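Asker: take a look and give me a structure for this.
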Amino acid sequence: MDARQLADRLAIQDVLVRYCTAIDTGSYDLLDDVFTADGIGDYTGAGGIRGTVAEIKAWLSRALVPFTVRQHLVTNFRIAIDGDTATSHCYLFNPLGFAGDDGQMQMLFCGGAYTDVFVRTSAGWRIRERVISTVYLHGKLPG
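Answerer: Predicted coordinates for the structure are as follows:
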């Protein structure tokens, strides 16, 4: 692997982490620096929507309101770069916390994977398409 390939791989990993930061901090406008302008996210594998970046931002801002604790962790990166396009697959572990009926913190643990198609843009690597697959949920949903 040469220096450019290493730099590309690290840049793609930075985008994957930037996504987690956007979700966990509720800074959904950061997703504009994660996805291409015509990017699509498919969250149907986690009970969500398939939509554009604008639709994803609106959906996430509603869907994650109950969770006062959010922590997205991504690991086991498998990245294949081919010129100005790339694919990636990584595992996700997502603990989510919310206040239960008794006021105590309740936890929901999600495990799964993100499968992404990346393109190199003038602003750097961006996700053109993201698909989430859920492997397990442990705990209960709020409400």
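
Asker: confirm that residue 24 sits in a helix.
Answerer: Yes - counting by DSSP: H, G, I helix; E, B strand; the rest coil, residue 24 is found in a helix.

Asker: hang on, it packs against residue 69?
Answerer: No - at 9.1 Å, residue 24 does not count as touching residue 69 under the criterion of CB atoms under 8 Å. For every residue, glycine as well, the C-beta is placed using N, CA and C.

Asker: higher neighbour count, these two?
Answerer: Neighbour totals were compared for residue 24 and residue 69, and residue 24 leads with 17 against 14 (other CB atoms under 10 Å).

Asker: tell me the phi and psi of residue 34?
Answerer: With angles defined as degrees, to the nearest 10, residue 34 sits at phi -110, psi -50.

Asker: could you find the closest non-adjacent residue to it?
Answerer: Leaving out its chain neighbours, the residue that sits closest to residue 34 by CB to CB, 6 or more residues apart in numbering is residue 19, at 4.8 Å.

Asker: so where is the chain shaky, pLDDT-wise?
Answerer: In the predicted model, the chain carries no residue with pLDDT under 70.

Asker: the strands in it, which residues?
Answerer: 35-42, 50-52, 69-70, 73-82, 85-99, 105-121, 124-138 (DSSP state E).

Asker: and the longest one, what does it pack against?
Answerer: In terms of contact count using 3 or more CB pairs under 8 Å, 6 or more residues apart in numbering; DSSP states H and E, strand 105-121 is assigned the packing partners helix 3-25, strand 85-99, strand 124-138.

Asker: could you redo the last one with a cut-off of 10 Å?
Answerer: Judged by 3 or more CB pairs under 10 Å, 6 or more residues apart in numbering; DSSP states H and E, strand 105-121 is in contact with helix 3-25, strand 35-42, strand 69-70, strand 73-82, strand 85-99, strand 124-138.
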